[in-house]
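Q: quick one, structure for this:
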Amino acid sequence: MSRLNPHLCLLSLMAIGVSCGDKDDGSSGGHDTAIGGGDGGDGAAGGDGADGGDGADGGDGADGGETGTPPDPILATLEGTVTVELYEMVDGVRESVAWADYNAGFPFGPIFVGAYEDNGTEQERYVGSTAITSPTQAPNTFTVPVSMTAEGDVRVFAMLDQDGNRIMQSGEPVGAWNAPVTITDGGVSQGIHITILVEVNTDDGGGSGGSGGTGDCTDLSISGPVTVTNDYTGEGLAMLMNLDGSGPVNWAWFDVTAATAGGGAATYEIQTCPNLGNVKLTGAIDSNGNGLIDPADTSGAYVTSPDTNGNPIVVSTSDMVNKEIQIPILGSDGEVEDNGLSVVPFVTVSGNLTYEGGRIDGLTAGTSVYVAALKYRPTAGVSSSALSTDAYDVDEFDWSSDINGNTSVAYSLVVPANQTVYLWAYADTDLDGNVNESGEPVASGGTDNGAYESGSAHSTQDLDLNVVGH
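A: Here you go, the predicted model:
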């Protein structure tokens, strides 16, 4: 099985005149981004360990012991583009909308681009991010500096602030690169091209759409102090989140000012509706300095005492005062708790592929098979090489190495979460390089037209190839 992805070039930073040893004090992550200001994020691990110290040769410092100097972080760069494509639903089917038919400019807000470690868990640990602050209709280039404790794989995605409120809310349009990117020290990974699909209504005059405002109710107030335990000063956001981490449903901006050495302070007041029931009261600061509140920002939550998370709170009919938010919170293990915006960038759709209810190798000898998560419903024959143009992800199966001698083949596709994708499988039985032709077997998932809801969790969908009409 092979995956139809563009090749990611790994170049040396030295080749483009950037010194891998030119590291700062860690506060900025060791890089500046070309667009919108970078994440900085985990660059603090760089510290004063630029010379590697004893930790570099496996001494006590390398494993967090009391002696030695922590090793230098792994520094790398991701480069690519993000393109925003418009669509509208017509009779239940997604149809592409030309920018010229919708808006002459770009009516949406910034684009957040994030990279997090692909560690096989549900917990995203962001290792780099940036913001495209003034996107256009054309492909928008980005550069993301990455800082990691060790070489490994990352996932890259982009998220559009559709309503322009500078908050990357769950449910905002998301696009994801469909393959992990391997990070090596000093490497530059290029060719990452992400597409974000945005639903619009061509009758609305080209407005921004999306969710807006902090809610329709102002009948109840939740307020209190904000304690920031690092030396950050700048903007922050107090938020009411659903118990599953989605949201925010209500929020209020605040400004952090210096209070004591190594700390900051603010106050907040959220206006909301009564009788919300159980919700989470959280907060975040714009720690990566990109002008957004995004999933990579430092977060915290309501506390009943220092480092004691007091969530959930119960919102009934009375105002709530002196609800302190601490940013960040240290857990009992000494690690920083993640109380930030919950974003599920991508999920996998996987399953087994068979032919006419039987063996996959019952296909004509030499047949190639493709399984694709498409952006739009297929309507005619298409070359197999062009499938990736209209697909989030494609798996290809070769006769000799994958199909011959097997009952079924297993596919796995990476798709943006909470999106409608068109899940189709094709068999090229006449070996002409084209699929979805008359008389060739096809299969679809989801509804009759292949529309499949990706959801917020990994899912399975078995597919059975058949010739239409048989």
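
Q: just checking, Ala238 touches Asn250?
A: No. Counting by CB atoms under 8 Å, Ala238 stays clear of Asn250, with 9.0 Å between them. Just so you know, the C-beta spots here come from the backbone N, C-alpha and C atoms, and that holds for glycine as well.

Q: give the residues shared as contacts by these two.
A: Counting by CB atoms under 8 Å, 6 or more residues apart in numbering, the shared contacts of Ala238 and Asn250 are Ile270.

Q: neighbour-wise, which of these two wins?
A: Ala238 (28 against 23; other CB atoms under 10 Å).

Q: for the more buried one, what are its contacts?
A: Taking CB under 8 Å, 6+ apart, we find Ala238 in contact with 226, 251-254, 268, 270, 281-283, 325.

Q: surely Thr389 forms part of a helix?
A: Yes. Assignment of Thr389 by DSSP: H, G, I helix; E, B strand; the rest coil places it within a helix.

Q: from Glu172, how far out is it?
A: Distance from Thr389 to Glu172, counting by CB to CB, to the nearest Å: 25 Å.

Q: residue closest to the middle of this protein?
A: Note on the chain: the residue nearest the mean C-alpha position is Pro345, at 3.4 Å, using CA atoms, centre = their mean.

Q: quick one: which of the contacts of Ala238 has the most company?
A: Going by other CB under 10 Å, Gly283 tops those with 30 neighbours.

Q: before we move on, the earlier item: can you pull the pLDDT of the residue nearest to the centre of the chain?
A: Note on Pro345: pLDDT of 86.

Q: next: Asp204.
A: You'll see Asp204 listed with a pLDDT of 72.

Q: what is the neighbour count of it?
A: 10.

Q: which helix or strand contains it?
A: Asp204 belongs to no helix or strand when assigned by DSSP states H and E.

Q: buried sites along stretch 86-99?
A: For stretch 86-99, a neighbour-count test (16 or more other CB atoms under 10 Å) marks 86-88, 93-94, 97, 99 as buried.

Q: just stretch 325-333 next, same as before
A: By 16+ other CB under 10 Å, the buried positions in stretch 325-333 come out as 325-329.

Q: please pull out the lowest mean pLDDT helix or strand from this structure.
A: Here the helix or strand of the chain ranked lowest by mean pLDDT, DSSP states H and E is strand 10-12, holding a mean of 35.

Q: Thr389 and Glu172: who's more crowded?
A: In this view Thr389 and Glu172 are compared by other CB under 10 Å, and Glu172 has more residues nearby, 23 against 11.

Q: low-confidence bits of the stretch 351-470 of the chain, can you list those?
A: Where the stretch 351-470 of the chain drops to pLDDT under 70, the residues are 469-470.

Q: now the strands for it?
A: 368-374, 382-383, 391-397, 409-416, 420-428, 434-435, 442-444, 451-453, 459-460, 463-465 (DSSP state E, counting those that start in this stretch).

Q: of all those, which lies closest to Ser134?
A: When these are compared by CB to CB, strand 409-416 sits nearest Ser134, at 23.4 Å.

Q: tell me the angle of the closest one relative to strand 391-397?
A: Calculated by axes from the mean of the first three to the mean of the last three CA atoms, to 10 degrees, strand 409-416 forms an angle of 170 degrees with strand 391-397.

Q: what strands flank strand 409-416, and is each parallel or antiparallel?
A: Sheet pairing of strand 409-416 (DSSP bridges) gives strand 346-355 (antiparallel).

Q: just the C-alphas of the partner strand, formatted as CSV.
A: In CSV, the C-alpha atoms belonging to strand 346-355 read as follows (Å, rounded to 0.1, in the frame of the first residue of the first chain):
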residue,chain,number,x,y,z
PHE,A,346,-8.0,15.4,12.5
VAL,A,347,-9.4,11.8,12.9
THR,A,348,-8.8,8.6,11.0
VAL,A,349,-11.4,6.7,9.0
SER,A,350,-10.3,3.1,8.5
GLY,A,351,-11.7,-0.3,7.5
ASN,A,352,-11.5,-3.4,5.3
LEU,A,353,-12.1,-3.4,1.6
THR,A,354,-13.6,-6.5,-0.2
TYR,A,355,-15.1,-7.3,-3.6
